[in-house]
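J.: no letters, just coordinates:
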DNA sequence: TTAAATATTTGAAAAGTTCCAAATGCTAAT
DNA sequence: ATTAGCATTTGGAACTTTTCAAATATTTAA
C-alpha cells in the first residue's frame, strides 16, 4: 500500500516536531508516531527499518518510552524478539507526564514564598506577592487538570468500548 | 540585602530548569525569573549584570519574550535605555503559548483522519480509529483549558485588586 | 552448557544549540 | 546633521545532544 508508506513518513515527522516542541527528544515522537498508526506490534528491527536508523538510539528511546508508560512490550509466542505497541490511552499517559512537570511549579512557588516570609523588606513583600500568584495559578491549573483527566477517562471508555 | 542576591540566583536557576523542561531556552527562564521577582523594571545592562552574561543573547531573548507577551518594555522618562518588567499575569500568558501548541495536535489528528478516510484497508481503518481518539482527546483538553483560563481570569482579578 | 539471536551499552563523530566579542545599526539629544 | 548612547546582528568558538558502529551483555532454544 503506497499511500501508507507516505502517511507513515509524514506522521512520524509531525510527531517528531510535536515532541520536540514540548522539549522531548524528537526520536521519541518518531517512534510514538509509528507505533500509534501500527495495528501490529513492531519489533526493534521493524522500527529500525521503517525509521531508517541504527538500533542503538532506538533501543535507548524505547526503554525510556516504556518507563514513561507510553509504549508496552508485547509477547509474541514462538518469537524471541521484543515487540512494542502504543500503550492503551497513550495520549492520556503522555499528558500525565506533563501534569507532573507542571506540579513542580507549585513547589517552586512554595519554596520562594517561604524564603520571602523570613525576610523583611519592600522587595521581600513584592516577591511574596508574586509567589502567591504563582502558587494560586498552578494550583488552580492542577484542579482543572484533574477535572479534565476524569472527564477524559469517561469519554475514553465511551469511545473504545 | 544579602539574602536577596542568593534568592535571585536560586530562582533564576529554578526557572531556567523549568523552562528547559518545557523545551524552551533556559535563558528565557533566567530572565523571566529575574523579572518576576524584580519590583523595579530592569534595563538590559541591569540584566547583564545580575545574570553575569554578555548582552547579545540577552537582547535576543528579551525580544522573543516580548513577542510571546511574557515581558513588556517600560518607558522611563529622561532615560533612553529600554527597561523590562514581567507582564501582568505572566503565568496566564505563558500558559496561553502552551495552549497554542496543544491545539496543533487537533490539526494533526484531523489531517491524518482525512488521509485515512480516502484510503481503504484494515490498516486505514485502524489509523482512522486512532486519529479519532487523538482528536477527541485534544478537543476535550482544549475545552478544559478554556474553562481553566476563565476561572483563572476570575481568580486573578480577585487576588490582584 | 553452548551457540545463536537479540538487546543494550559505549566511545567517538556529527549535528545542533548557545554564547561571547566585535561590528553594525538605530535613536534621541544637541 | 552629528555624535553619543544604546540595542541588535553576526561569525565563530564552546558546549550539548544525538547518532552510529562496534563491542558487550542477555536471553532463549537446543
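T.: Done, it's in. Everything numeric here is computed off the predicted structure, so don't read it as measured data. Residues are numbered from 1 along each chain as shown, chains lettered A, B, ... in the order given.

J.: check which helix or strand covers the residue in chain A that DNA strand D sits nearest to.
T.: Nearest to DNA strand D in chain A, going by C-beta to the nearest atom of the strand, is residue A:56, at a distance of 2.9 Å. C-beta: built from backbone N, CA, C; applies to glycine. Take DSSP states H and E as the rule and residue A:56 turns out to sit in helix A:55-67.

J.: buried residues in that helix?
T.: By neighbour count with 16 or more other C-beta atoms under 10 Å in any protein chain shown, helix A:55-67 contains the buried residues A:58, A:61, A:62, A:65.

J.: what's across from the closest residue to the last one other than its chain neighbours in the sheet?
T.: With sequence-adjacent residues excluded and distances taken as C-beta to C-beta, 6 or more residues apart in numbering or on different chains, residue A:65 is closest to residue A:71, at 4.5 Å. On the basis of DSSP bridges, residue A:71 takes part in beta bridges with residue A:86.

J.: contacting residues for residue A:71?
T.: In this structure, residue A:71 makes contact with A:31, A:32, A:35, A:62, A:65, A:84, A:85, A:86, A:87, A:90, judged by C-beta atoms under 8 Å, 6 or more residues apart in numbering or on different chains.

J.: with residue A:149 instead?
T.: Taking C-beta under 8 Å, 6+ apart, one finds A:92, A:95, A:96, A:99 in contact with residue A:149.

J.: re the thing from before, turn the buried residues of helix A:55-67 into JSON lines, columns for pLDDT and distance to DNA strand C.
T.: Formatted as JSON lines, the buried residues of helix A:55-67 follow (pLDDT from 0 to 100; distance: C-beta to the nearest atom of the strand, whole Å):
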{"residue": "A:58", "pLDDT": "93", "distance to DNA strand C": "8"}
{"residue": "A:61", "pLDDT": "93", "distance to DNA strand C": "9"}
{"residue": "A:62", "pLDDT": "93", "distance to DNA strand C": "6"}
{"residue": "A:65", "pLDDT": "93", "distance to DNA strand C": "11"}
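
J.: okay, now the domains of chain A?
T.: The record's domain parsing of chain A by automatic domain parsing lists A:2-86, A:90-160.
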